[in-house]
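S.K.: Using only what follows, build the 3D model:
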Amino acid sequence: MDDHLNEMMRLLNVDSNNVRIVGILGMGGIGKITIAKSIYNKLLQDFKNCCSFLADVRENVKQYKDKGIIDLQNQLLSDTLKPHPPITNVNRGIDAIKHRFLKKKVFIVLDNVDEKSQFDWLVGNRDCFSPGTRIIVTTRNKHVLNILDADETYEPPFMNPDQSLQLLNIHAFRKKFPPIDFDSISREVVSVTAGLPLALEVIGSFLSDKPKTVWENTLKKLKKIPNHKVQEKLREGGSIQRTPLFDGDNYAFWKPNMIAFLMTQVTKDGVIIEKEESEWTQAENNAQEGNIKALFSLFKYVVQSELARIAHCKIAKEAWDILPLTHEGTDEVKSSKIEMLVF
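M.R.: Numbers count the residues shown, from 1 in each chain. The predicted structure follows:
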């Protein structure tokens, strides 16, 4: 990550007094949002907290239309100008942003932008901002950055095998190196994940604290998907965005979509089978396979903060039950339940 941050710091050139737009370009799963979040956290104090991170712009606009745009406009204004009158109309939001940022040096991240109009609705153009402002745009679409006339573009390289192994180990074993008896199979898992950070994080979290038989079973399934197919799916967004990503705020929207998706899988409540796979009955094999598919799907379609709540789960139903416990009910009930789970 240090290499990514150093390169982004060079491209952002925060000491210069111009308004600068820097793109982070790459397929889904390459680590764009992780890099953007890391540089955002690093520069918060430099911009005196006049910063805003707008996550998954494309999905917000696609799913919620004008309401999604207005919500993002309100978030941008709330993050950087406190307090502010609430925005209720897209065009008024555009005008408010133009007028309020003319004398304001800010740092903004627009994550997952795939059309110039999304940029226009949220930040207009660079003339709207005070000198020293920095805007990062993450995207899969190079054409968007060309139209925006981005000053610089960073294309994160694929991770090398050693970096990939370290990332998998951190999520699976919470340390950089695996136990000796897991070293070989860890390397095999890395070899079939195409060097994609998101794939390594999801798989590592899923395999955390699992017996070696589950690792072997998962590896067999992964080997059925060639590396180039993994990359093609991530370029298209198909394997990551087939169901909405749960960010902690969209539970009512995410839950029915996730139920519909899980119904296409072989799902069971799940069991932990403490014996060699060669000794499993057909019913046990079906139950374990269904549990693995459902748990893997749940891990894949939540953001990192939500994944932290369920990463310890070995049974899909256990993970599924934690999310409504946390996110359903009144605000007061939600707050107390979240505290219970975290502490």
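S.K.: List the buried residues of the helix or strand harbouring Glu306.
M.R.: Here Glu306, judged by DSSP states H and E, is contained in helix 304-310. Neighbour-count burial for helix 304-310, counted by 16 or more other Cβ atoms under 10 Å, picks out 306-307, 309-310. From N, CA and C alone the C-beta is placed, and that goes for glycine too.
S.K.: Can you name every helix or strand that it contacts?
M.R.: In terms of contacts (3 or more Cβ pairs under 8 Å, 6 or more residues apart in numbering; DSSP states H and E), helix 304-310 is packed against helix 282-300, helix 316-327.
S.K.: Tell me how far the closest residue to Tyr64 other than its chain neighbours lies from Pro85.
M.R.: Spatially, and ignoring its direct neighbours in sequence, Tyr64 is nearest to Asp71 (7.0 Å; Cβ to Cβ, 6 or more residues apart in numbering). In this view, Asp71 and Pro85 are 15 Å apart by Cβ to Cβ, to the nearest Å.
S.K.: neighbour-wise, which of these two wins?
M.R.: Asp71 (17 against 9; other Cβ atoms under 10 Å).
S.K.: Quick one: mean pLDDT over the helix or strand that contains the more buried one.
M.R.: Element membership for Asp71 (DSSP H and E) is helix 57-80. Mean pLDDT, computed over helix 57-80, is 87.
S.K.: hmm, who's touching that helix?
M.R.: 50-54, 84, 86-90, 93-94, 96-97, 100-101, 104, 106, 108, 110-115, 118, 121-123, 241, 244-245, 253 (Cβ atoms under 8 Å, 6 or more residues apart in numbering).
S.K.: Now, the residues you listed that are in strands?
M.R.: Mapping the contacts of helix 57-80 onto strands (DSSP state E) picks out 51-54, 108, 110.
S.K.: Out of the residues you listed, which end up buried?
M.R.: Looks like these have 51-54, 108, 110 buried, using 16+ other Cβ under 10 Å.
S.K.: I'd like those residues as TSV, with distance to Lys210 and pLDDT appended.
M.R.: Formatted as TSV, those follow (distance: Cβ to Cβ, whole Å; pLDDT from 0 to 100):
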residue	distance to Lys210	pLDDT
Cys51	38	90
Ser52	38	90
Phe53	33	90
Leu54	36	90
Ile108	40	94
Leu110	37	94
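S.K.: ok, which pair from those is furthest apart?
M.R.: For these, the maximum inter-member distance is 12.4 Å, found between Cys51 and Leu110 (Cβ to Cβ).
S.K.: mind checking the SS state of the closest residue to Glu152 other than its chain neighbours?
M.R.: Ranked by Cβ to Cβ, 6+ apart and with sequence neighbours excluded, the top spatial neighbour of Glu152 is Leu11, at 4.0 Å. Of the three states, Leu11 takes helix under DSSP: H, G, I helix; E, B strand; the rest coil.
S.K.: Next, count neighbours for Leu11.
M.R.: 19.
S.K.: give me every residue that touches Ile24.
M.R.: Per Cβ under 8 Å, 6+ apart, neighbours of Ile24: 8, 32, 35-36, 136-139, 153-156.
S.K.: switch the cut-off to 6 Å
M.R.: 32, 35-36, 138, 154 (Cβ atoms under 6 Å, 6 or more residues apart in numbering).
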